[in-house]
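# Dropping the sequence and predicted coords here.
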Amino acid sequence: MAQWVPFMITVSYMVIAVWLGFGAGKGRNMNKVEEWGVAGRSLGPIVMYLLVGAGGISAYTFMGAPGWAYSKGVPVLYVVVYLTFMGITAWYLGPKVWDLGVKYNHVTQGAAITHRYESPALGALASFVTSIGVLAYAVLQTTGSAYILNVMSHGKIPVWLGVILSLAVISIYLFKSGLRAIGITNAFQGALMFVVSWAFGLWAVKQFTGGYSFGPVFERVREEAPQFLTLPGNLGDMGFAFWTTSILISMVSVWQTHWIQWMGANTRKSIRTAATMLPTYYIVCIPMLVVGFIGIFVYPSLAKADTVAIQMAMDSMPVVIAGLLGAGTLAAAMSSSEPCIHGTALSYSKDIIQPIFKISDEKAGIMTRWLIFPIMGLIVAPISIMQPASLVYILLIGYGFIGQAFPALVGMFFWPRATKQGAFWGLAAGFVVTLVFSVWFPHPLGIHAGIWGLFVNLPIFFIVSLLTEPVSRKTVEEFFPDMVDELYEEVPETTTKPASI
Amino acid sequence: MKATFRTPKTHKGWIGLFAILTIVLLGSWPVIPLLNHETIVFGMPILMTWSVILIFLTTGILMLLNKMGVND
């Protein structure tokens, strides 16, 4: 009986998530995009903090990150640093995005791009290509969910059934309550993950060393395997250049999901407050990384590094701790996949389908929430079950595109002279370079492929913009009201004096 | 139309930009090599301790900028 306790705890988590998420939209008209898509712009700073914080913590934190600590050592810390710095991006851009959204009723990144560059085609293209990375990420998280259900049920729930179960759970509350469900479930998941990570990490340390200090763990690593404690790490693949450029490309990659989450805030101050505190949430990563370091000695030859934490939990932890880890990992996976599915449905509806078929806001609102079903049933579920070998490439391609949209955002907030041609050609060139340097010639000179993409993208963006016609004065006035006088300063006409007789 | 960039309009704005760039540098190439050794500080490898310091330093700086009223 005791062997089923972890499974029961994991299932209990799913039941609570459904209950919380389902009730979140009570009394609201979810057929309106403003409600389903951005929670009526009603989320306060605490929910925003946990919404964005938990969204940033994926199954990777509970499985992949301990796996990296186990196989590489300190290189994994770049994750902690880039998550921290994403708080800066949210602090800087979040309020600006929110202001624009409120003023011009944007809910998606694509809508803002369409407006700024006066090009529905560019907005639709950005929406579609960005969704490739976002959906690939949702697939990875769904696979993680299915894996957890499989392990916790001792193999009784096969992967295909785990995929269906986890998506079915998400679909119930996502359809019913939209971003409000994501907000409330992420708040619950965020708190759960924080508790689980520290409980599990401290338990592992206690069991390994007899105390609660991390010190003896790392003393032993220093004595027996010091290469884990310095860059480039045990596998020798994380130099200073790759560390730095990986952090930079992550900082400038503004995901569709982040954009929509910022839109859900009730005031710009709520975003600022949440973003200010956001880095503190990522302290959640530290105990899980320590677990990975302990694994170096407990499992000297584990076939799959990513399974180190879950293996340790199942082998040697009390059933309650193991169950909490299962629930925490499932929470991490679901809290990351549900914003991806929600954001893609919203973006496809508002940025692609509505402009092409010219449907009304009312119809678009009703259609948006129904779109989660084809997205889950026809894209996320089959790919999660099939696990194509090319998934990692799809993910790299998708990530590459998200980073390459950065110059388009520069044009939205900092450079009025940017044009749709500049944004398009810069993005296209940056995308190709990122693709080539991700797949065929990975990261030349130890510099991240996305940064190579920006090296090409940015000059093209600036040069092509300067060679093409700027957007109308009306649009410039809407996006840069404080700069209009300076930008359109009239050159005084030279007056010609009448010739003296 | 001029090709001007939007830059901070106030001293506070420039201080904010400078502070953010400083934090980013503290977590990347110029500083990380200085900390790349096997020393253990507060029971953790120095790079891990530094990552935790960066977490609180970032929040601290952002709180300070909020208090200063930096908006651009």
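Okay, I see it.
# going forward, measure contacts between C-alpha atoms and count neighbours the same way
Noted.
# Poorly predicted segments of chain A, please.
A:389-393, A:395-396, A:490-501 (pLDDT under 70).
# in it, what residue is nearest chain B?
Chain B sits closest to A:G215 of chain A, with a gap of 3.7 Å, by C-alpha to the nearest C-alpha.
# can I assume that residue is in contact with B:F42?
Yes. The pair A:G215 and B:F42 passes the contact test of C-alpha atoms under 8 Å, sitting 7.4 Å apart.
# In terms of neighbours, single out the busier of those two.
Remark: of A:G215 and B:F42, A:G215 carries more neighbours, 18 against 11, as counted by other C-alpha atoms under 10 Å in any protein chain shown.
# residues contacting that one?
B:I40, B:F42, B:G43, B:M44 (C-alpha atoms under 8 Å, 6 or more residues apart in numbering or on different chains).
# so how far is A:I283 from it?
17 Å (C-alpha to C-alpha, to the nearest Å).
# ok, now A:P339?
Taken as C-alpha to C-alpha, the span from A:P339 to A:I283 is 22 Å.
# which residue is nearest the centroid of chain B?
The centroid of chain B falls nearest to B:I23 when counting by C-alpha atoms, centre = their mean (1.3 Å).
# what's near enough to touch that one?
B:L54, B:L57, B:T58.
# Assumed the second one was part of a strand.
No. The secondary structure assignment for B:L57 gives helix rather than a strand, going by DSSP: H, G, I helix; E, B strand; the rest coil.
# who in chain B is up against chain A?
B:1-7, B:20, B:24, B:27-29, B:32-33, B:36-38, B:40, B:42-45, B:47-48, B:51-52, B:54-56, B:58-59, B:62-63, B:66, B:72 (C-alpha under 8 Å from any C-alpha of the partner chain).
# My guess is A:V47 contacts A:A187. True?
Yes. If you go by C-alpha under 8 Å, A:V47 and A:A187 touch, sitting 6.1 Å apart.
# A:G343 falls within a helix, correct?
Yes. Under three-state DSSP, A:G343 sits within a helix.
# Looking at A:P339 and A:I283, which is more packed in?
A:P339 (27 against 19).
# Would you agree that one is in contact with A:G55?
Yes. Under the criterion of C-alpha under 8 Å, A:P339 makes contact with A:G55 at 7.5 Å.
# Can you name the residue of chain B nearest chain A?
For chain B, C-alpha to the nearest C-alpha, closest residue to chain A: B:G43, 3.7 Å.
# Return the residues in contact with that residue.
Contacts of B:G43 (C-alpha under 8 Å, 6+ apart): A:S213, A:F214, A:G215, A:P216, A:F218.
# hey, where'd the helices end up in chain B?
B:11-26, B:46-68 (DSSP state H).
# The nearest residue to A:I157 once chain neighbours are set aside and A:T143, how far apart?
Spatial nearest neighbour of A:I157, excluding adjacent residues (C-alpha to C-alpha, 6 or more residues apart in numbering or on different chains): A:N150 at 5.1 Å. The gap separating A:N150 from A:T143 is 10 Å, by C-alpha to C-alpha.
# shared neighbours of the two, which are they?
Residues within reach of A:N150 and of A:T143 at once, by C-alpha under 8 Å, 6+ apart, are A:V159.
# which of these two has more neighbours?
Set side by side, A:N150 and A:T143 show more neighbours around A:T143, with 26 against 20, by other C-alpha under 10 Å.
# How far does the host helix or strand of the more buried one sit from its chain's centre?
Using DSSP states H and E, A:T143 falls within helix A:120-152. Mean-position distance between helix A:120-152 and its chain equals 10 Å (C-alpha atoms, centre = their mean, to the nearest Å).
# tell me the angle the helix or strand that that helix is followed by makes with helix A:120-152.
Sequence order places helix A:159-209 as the next helix or strand after helix A:120-152, per DSSP H and E. Orientation note: helix A:159-209 sits at an angle of 60 degrees relative to helix A:120-152 (axes from the mean of the first three to the mean of the last three C-alpha atoms, to 10 degrees).
# gap between whichever helix or strand comes after helix A:159-209 and the chain center?
Remark: after helix A:159-209, the chain's next helix or strand is helix A:215-224, criterion DSSP H and E. Taking C-alpha atoms, centre = their mean, one finds helix A:215-224 lying 34 Å from the centre of the chain it belongs to.
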